[in-house]
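Enquirer: One predicted model, sequence on top.
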Amino acid sequence: MNLTNIKTIIKNNIREYAMVLALIVIMILFQILTGGILFMPLNITNIILQNSYVLILAVGMLLVILTGNVDLSVGSVAAFIGAIAAVFMVNFKMPVIIAVPLCLIIGALVGAWQGFWIAYIRMPAFIVTLAGMLVFRGLTMVILKGQTLSPFAESFQVMANGFLPESIKLGNLNLIAIGIGIALSLLFIYTELKRVKNKKKYNFEVLPFSFTVTKIAVVIISINLLTYSLAAYKGIPLVLILIASLIAIYSFVTQKTILGRHIYALGGNEKAARLSGIKIKHVKFFVFINMGILAALAGLVVAGRLNAATPKAGTNFELDAIAACFIGGASASGGIGKIVGAIIGALFMGVLNNGMSILGVGIDWQQAIKGMVLLGAVAFDVYNKSKSSAE
């Protein structure tokens, strides 16, 4: 492979590489500035638990953004579902195994309601979801009557705050967490080498072997540092398993299925997608139903973590999710972005929030800094597009 081909491959993946590098840099920076607190096992666990809702919402929001739309209602929907869950489980004493699926179904119906106006009535997603943000915030206050409703059953709280069993330990280390780290490392090596082999089989361009080895090494080190840190505290949080499952499922859907290709095609050029036979309305409708389900799931996780449903829950969740997607490489015009990128963007925001909080930065400056980071990420995307079109 010559130097020109290498430059082309790197250029085509500049968003992904730049975001990974930025995440590494900011983690090292805050590790130094906080005097080593950032990488402490307890703090690593807290970053995961505190940002679990952003990670969940970012997965669904990416699909919406890929179609060239946006959903401003997810924070209000999360609060609305949390309130309904509290009524079911606290007031009506409904079993968790029944209440949780019901809440997810209601989330799907909320998504279908908004998707109907967007896909079939052809109203702008911005307007429909802005209305949804107001409607479901208001309904949340009506349901809770302006008060906090709690407590939930312990079996429900476990979803957001629980950990895998600690029965197998070596000293202070949870061996289950260590084993999961090793298993994930082996799985990544296998899938990455298989991917490279398949590309070579069909004569696609691949990075030099040294680049591939470096990529594998970085990912393996990151995985095992994370699982080691978790093993030194309480082990693997259950919500992390939930998030990892979502990443795996949605990465497969977006990259390996016809539906995924249709979503990208819709965002890339809606008119061309329609002429090629893609059912545009069905794709949009599905994307918003999916967003409703994931918003409901995020609402359940937040309610379980707080052990309460509150009228103010979910405030600004939509901004966090949208920012995570754009920072993670999604394009504001649609058609570009990856699930892993959205997750990296969410982690970037989580580390930024956590690091600034440890340093005692006020919430006012935190908001200002996050706004500038988002602006910079979108500006980087626009710059790359203008540079590519100029060439």
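Expert: Thanks, I have the structure now.
Enquirer: Now do the strands in this structure.
Expert: 169-170, 173-174 (DSSP state E).
Enquirer: can you list the residues that contact the first one?
Expert: Under the contact criterion CB atoms under 8 Å, 6 or more residues apart in numbering, strand 169-170 has outside partners residue 175. Every residue, glycine included, has its C-beta placed from N, CA and C.
Enquirer: do the last one as well
Expert: Strand 173-174 is touched from outside by 164, 166, 168, 228, 230-232, 234-236, with contacts defined as CB under 8 Å, 6+ apart.
Enquirer: chain center to that strand, what's the gap?
Expert: Strand 173-174 sits 27 Å away from the centroid of its parent chain (CA atoms, centre = their mean, to the nearest Å).
Enquirer: Repeat that for stretch 323-337.
Expert: That offset, for stretch 323-337, works out to 12 Å (CA atoms, centre = their mean).
Enquirer: Quick check: buried residues in that stretch?
Expert: Neighbour-count burial for stretch 323-337 flags 323-332, 334-337 (criterion: 16 or more other CB atoms under 10 Å).
Enquirer: Those residues into JSON lines, with extra columns for distance to residue 111?
Expert: Listed next are the buried residues of stretch 323-337 as JSON lines, based on distance: CB to CB, whole Å:
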{"residue": "323", "distance to residue 111": "21"}
{"residue": "324", "distance to residue 111": "19"}
{"residue": "325", "distance to residue 111": "17"}
{"residue": "326", "distance to residue 111": "21"}
{"residue": "327", "distance to residue 111": "24"}
{"residue": "328", "distance to residue 111": "22"}
{"residue": "329", "distance to residue 111": "24"}
{"residue": "330", "distance to residue 111": "19"}
{"residue": "331", "distance to residue 111": "23"}
{"residue": "332", "distance to residue 111": "22"}
{"residue": "334", "distance to residue 111": "18"}
{"residue": "335", "distance to residue 111": "21"}
{"residue": "336", "distance to residue 111": "23"}
{"residue": "337", "distance to residue 111": "20"}
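Enquirer: domains for this protein, by residue range?
Expert: The chain is divided into the following domains under automatic domain parsing: 3-161+240-386, 163-236.
Enquirer: How far does the shortest one stretch from one end to the other?
Expert: In domain 163-236, first residue to last residue: 6 Å (CA to CA, to the nearest Å).
Enquirer: State the mean pLDDT of it.
Expert: Taken as a whole, domain 163-236 has a mean pLDDT of 87.
Enquirer: One more: stretch 364-379?
Expert: Averaging pLDDT along stretch 364-379 yields 86.
Enquirer: What is the distance between that stretch and the centre of its chain?
Expert: Relative to its parent chain, stretch 364-379 has a centroid offset of 18 Å by CA atoms, centre = their mean.
Enquirer: what's in contact with that stretch?
Expert: Contacts of stretch 364-379 (CB under 8 Å, 6+ apart): 323, 326-327, 332, 345, 348-349, 352-353, 356-357, 361.
Enquirer: can you list those in a markdown table and add pLDDT and distance to residue 268?
Expert: A markdown table is the format used below for the contacts of stretch 364-379 (pLDDT from 0 to 100; distance: CB to CB, whole Å):
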| residue | pLDDT | distance to residue 268 |
| --- | --- | --- |
| 323 | 92 | 23 |
| 326 | 91 | 17 |
| 327 | 89 | 21 |
| 332 | 82 | 13 |
| 345 | 92 | 20 |
| 348 | 92 | 25 |
| 349 | 91 | 26 |
| 352 | 92 | 30 |
| 353 | 92 | 33 |
| 356 | 94 | 36 |
| 357 | 93 | 39 |
| 361 | 90 | 39 |
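Enquirer: Can you pick out the most distant pair from the residues you listed?
Expert: 332 and 357 (28.5 Å; CB to CB).
Enquirer: so where's the stretch 51-200 of the chain uncertain?
Expert: Low-confidence segments of the stretch 51-200 of the chain, defined by pLDDT under 70: 167.
Enquirer: quick one on the thing from earlier: pick out the lowest-pLDDT one from the buried residues of stretch 323-337.
Expert: Within the buried residues of stretch 323-337, residue 332 has the lowest pLDDT, namely 82.
Enquirer: Identify the residue nearest that one in space, chain neighbours excluded?
Expert: Distance criterion CB to CB, 6 or more residues apart in numbering; nearest residue to residue 332, sequence neighbours excluded, is residue 378 at 5.9 Å.
Enquirer: try residue 264
Expert: Spatial nearest neighbour of residue 264, chain neighbours left out: residue 335 (5.7 Å); criterion: CB to CB, 6+ apart.
Enquirer: For the one you found, grab phi and psi.
Expert: phi 80, psi -10 (degrees, to the nearest 10).
Enquirer: Identify the residues contacting it.
Expert: Residue 335 is in contact with 66, 68, 264-269, counting by CB under 8 Å, 6+ apart.
Enquirer: and if you look at residue 348?
Expert: For residue 348, the contacting residues are 19, 22-23, 26, 324, 327-328, 373, by CB under 8 Å, 6+ apart.
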